[in-house]
Structure formats: C-alpha cells, structure tokens
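Student: with the sequence up front, the predicted model follows.
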Amino acid sequence: MDRILITGAVGQIGIELTEGLLSRFPASRVVASDIRSAAGAPADIRYLDITDKAQIARLVMEERIDTIFHLAALLSARGEQNPQLAFAVNLGGLLNVLEVARQHGVKKVIMPSTIGAFGPDTPKIDTPDDTLMRPTSMYGITKLAGELLLDYYSRRSGIDGRSLRFPGIISSRTEPGGGTTDWADDFYRKAVRGEKAICFLRADTRLPFMYMPDAVEALIGLALAERSRLSRSVYNVHSLTLAPTELAKFLQSIFPDFEPLYQPDSRQSIADSWPQSLDDHHARTDWDWSPQYDLQRMTADMLKNLKPKRG
C-alpha cells in the first residue's frame with residue numbers, strides 16, 4: 001500500500017480510519033477525500049464526488065493511487081428516505097471506483113459491507129459467511145450487490161478486492177450517520193449529558209455491535225493480510241451483541257437516572273431482518289482477527305472520551 005485513497009473520509013468510520021492509517025504510514029502516502037467536510041476531519045481533505053467517475057480518475061492519476069479504501073455510502077435509515085440516491089451512491093459509486101481501479105492500475109480495493117446485506121430468512125444466531133441473503137432495505141440490496149461486484153472485478157480484472165461485513169459501529173468520536181443501530185451511540189451521549197434518550201427500536205431488539213477502534217483495526221488488518229492466506233473476498237466480523245434494555249441497564253449502573261423511552265418506528269422492520277450475532281471464524285483463522293473491546297472496556301473508553309464534552 002504505497003499510495004492510499006480513502007473515500008468517505010468524513011464519515012463515521014472514515015475519520016478514524018484516516019487517523020489509523022496516518023499512524024502507520026507517512027502523511028504523503030494517505031489521501032483523504034469526501035464530498036463534504038466536518039469537525040474532526042483532516043485539514044487537507046480532498047473534494048470527491050464518487051458519482052462522478054472522471055473526478056475519481058483524476059484524483060487516482062494525480063496521486064498515483066494503488067490502494068483504495070472505499071467508504072463513501074448512504075446508511076440504512078437514510079437510504080430508505082431516498083432509495084434512488086442510495087442506489088446511485090452505494091452501487092453506482094462503487095462501480096465508478098472499480099472501473100477507475102481497473103483502468104488505472106489500482107491494485108487493491110477495500111470496502112466495508114454490512115449485516116444489512118443479510119435478510120429475514122438468514123439464520124439469526126452465528127450467521128455464517130456463506131448463507132441465504134435476501135436484504136429488504138435499499139442499503140442492504142446495494143451492499144450485497146456491491147459484494148458481488150467487488151468479487152466480479154477481483155476475478156475478471158485482477159483487482160485485489162476485500163470486504164468486511166460490519167455489525168453496528170459505536171463511536172465516541174463521531175456522531176452516527178443515519179443507521180439503524182444509531183440508538184446505541186445516542187444512549188451513551190444522552191446518559192453522559194443527563195438527557196432523555198428516545199430509542200427507535202423495541203427494547204428487546206438484539207443486534208451485533210463493534211467499537212470503532214476494533215472496526216478500524218479490522219479494516220487495516222484485512223488490507224495488510226497476505227493474499228495467499230485469504231480464503232474469500234468478504235468476511236464477517238463480530239464483537240458483541242446488545243439489546244437496548246441490556247445497554248440501558250449497564251449504563252444505569254453508572255447513571256442511575258438514565259431511563260430511555262422506547263418508540264419503535266420504521267427502522268424496526270430493518271432491524272428485525274438482521275442477525276443477532278455473526279460467525280467470524282474465517283476472519284479469525286485467515287488473518288488473525290480478534291476484537292479487543294467488550295462491553296465494559298468499550299464503555300470505559302466511551303465515557304472517558306465523552307465526559308469532557310459534557311455541557
């Protein structure tokens with residue numbers, strides 16, 4: 001990975017992935033790009049609209065890019081609000097990235113996928129890497145198609161395509177960006193601020209999660225893994241499973257007055273179609289994936305980072 005481009009570098013994962021890469025590689029080798037800027041984003045962020053193939057090609061050629069972390073996407077809840085835009089960004093943008101990679105000699109493309117690529121008929125517990133997948137949201141549809149597209153280009157064009165199916169991501173650094181698991185981030189922030197949290201899912205809805213530092217390490221670990229060790233192009237990764245009541249009870253041991261209000265909305269049907277836990281033994285075997293954060297360690301780090309922002 002001599003010259004690295006990150007798309008969606010201002011997103012929830014993008015900001016911290018950029019920092020993670022900059023901690024390992026010289027700044028001259030890491031190019032962060034997005035269609036917008038935000039607090040906490042790299043100061044030298046490059047403007048890039050991934051729906052514009054010519055823009056991608058210019059940046060790849062100017063910076064002599066050989067590796068792309070393609071993060072730019074609309075998440076599940078926002079995708080349901082504007083499914084046409086979600087299709088254009090998530091799938092059209094990926095096709096543009098892969099075509100530019102093919103035409104200009106990019107060696108490696110790493111793309112996050114999601115538990116949203118599964119569906120209501122998928123096994124809920126210890127969901128395997130290879131299983132029945134019939135997603136019901138536009139986000140899930142585009143991500144499943146994206147997995148297949150990445151694999152297609154890997155086989156037909158020689159691009160080294162790699163992808164991770166992430167569970168819900170919890171972060172102390174960046175605000176959630178329109179996903180169905182955003183309630184977990186919100187619980188932490190509202191508990192620290194002493195504010196009322198409104199949960200848009202049923203109290204007993206169990207979903208898989210991961211703390212952002214583990215997500216960043218998973219992406220970089222997969223990118224750096226020797227190709228000869230990898231048995232597939234798409235891997236499940238899993239850390240812990242939580243229901244709103246479970247996280248609320250844990251937070252109440254620290255903030256006794258914290259009591260969320262449950263008001264399920266349209267996001268409930270999306271959550272109901274997702275697994276509760278993922279079987280990630282291929283990731284653990286092939287490239288030594290292992291999460292470092294359980295609920296206690298994640299909460300300690302979340303509160304350490306959030307408390308200075310109180311008020």
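Tutor: Everything's here; your move.
Student: my guess is Leu224 meets Met1, correct?
Tutor: Yes: counting by Cβ atoms under 8 Å, Leu224 touches Met1, with 7.5 Å between them. (Each C-beta comes from the backbone N, C-alpha and C, glycine too.)
Student: ok, those two, which is more surrounded?
Tutor: Met1 (18 against 10; other Cβ atoms under 10 Å).
Student: isn't the more buried one up against Ile65?
Tutor: No: using Cβ under 8 Å, Met1 is not in contact with Ile65; the gap is 10.0 Å.
Student: so where's this protein shaky on pLDDT?
Tutor: Scanning the chain for pLDDT under 70 picks out 38-43, 177, 308-311.
Student: what about the helix or strand hosting Met111, distance to the chain center?
Tutor: Per DSSP states H and E, Met111 falls inside strand 108-114. Relative to its chain's centre, strand 108-114 lies at 9 Å (Cα atoms, centre = their mean, to the nearest Å).
Student: ok, now stretch 93-109?
Tutor: 20 Å.
Student: which residues sit against that stretch?
Tutor: Residues outside stretch 93-109 that contact it (Cβ atoms under 8 Å, 6 or more residues apart in numbering) are 1, 7, 50-53, 56-57, 60-61, 65-68, 70, 72-73, 111, 146, 149-150, 153, 157, 159-162, 223.
Student: hey, C-alpha coordinates of it in PDB?
Tutor: The C-alpha coordinates for stretch 93-109 follow below in PDB (Å, rounded to 0.1, in the frame of the first residue of the first chain):
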ATOM      1  CA  GLY A  93     -20.200   5.000  -6.800                       C
ATOM      2  CA  LEU A  94     -18.600   1.600  -6.200                       C
ATOM      3  CA  LEU A  95     -18.900   0.700  -9.900                       C
ATOM      4  CA  ASN A  96     -17.100   4.000 -10.700                       C
ATOM      5  CA  VAL A  97     -14.300   3.200  -8.200                       C
ATOM      6  CA  LEU A  98     -13.800  -0.300  -9.600                       C
ATOM      7  CA  GLU A  99     -13.800   0.900 -13.200                       C
ATOM      8  CA  VAL A 100     -11.200   3.600 -12.400                       C
ATOM      9  CA  ALA A 101      -9.200   1.000 -10.500                       C
ATOM     10  CA  ARG A 102      -9.300  -1.400 -13.500                       C
ATOM     11  CA  GLN A 103      -8.300   1.300 -16.000                       C
ATOM     12  CA  HIS A 104      -5.600   2.900 -13.900                       C
ATOM     13  CA  GLY A 105      -3.800   0.000 -12.300                       C
ATOM     14  CA  VAL A 106      -5.100   0.300  -8.700                       C
ATOM     15  CA  LYS A 107      -4.000  -2.900  -7.100                       C
ATOM     16  CA  LYS A 108      -6.300  -3.200  -4.100                       C
ATOM     17  CA  VAL A 109      -9.900  -2.000  -3.100                       C
END
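Student: past the strand holding Met111, which element shows up next along the chain?
Tutor: helix 138-157.
Student: mind listing what's buried in that next one?
Tutor: 138-147, 149-150, 153-154 (16 or more other Cβ atoms under 10 Å).
Student: show me the chain divided up by domain.
Tutor: Domains of the chain are assigned by automatic domain parsing as 4-169+211-236, 170-208+241-276+293-309.
Student: many thanks, I have nothing further to ask.
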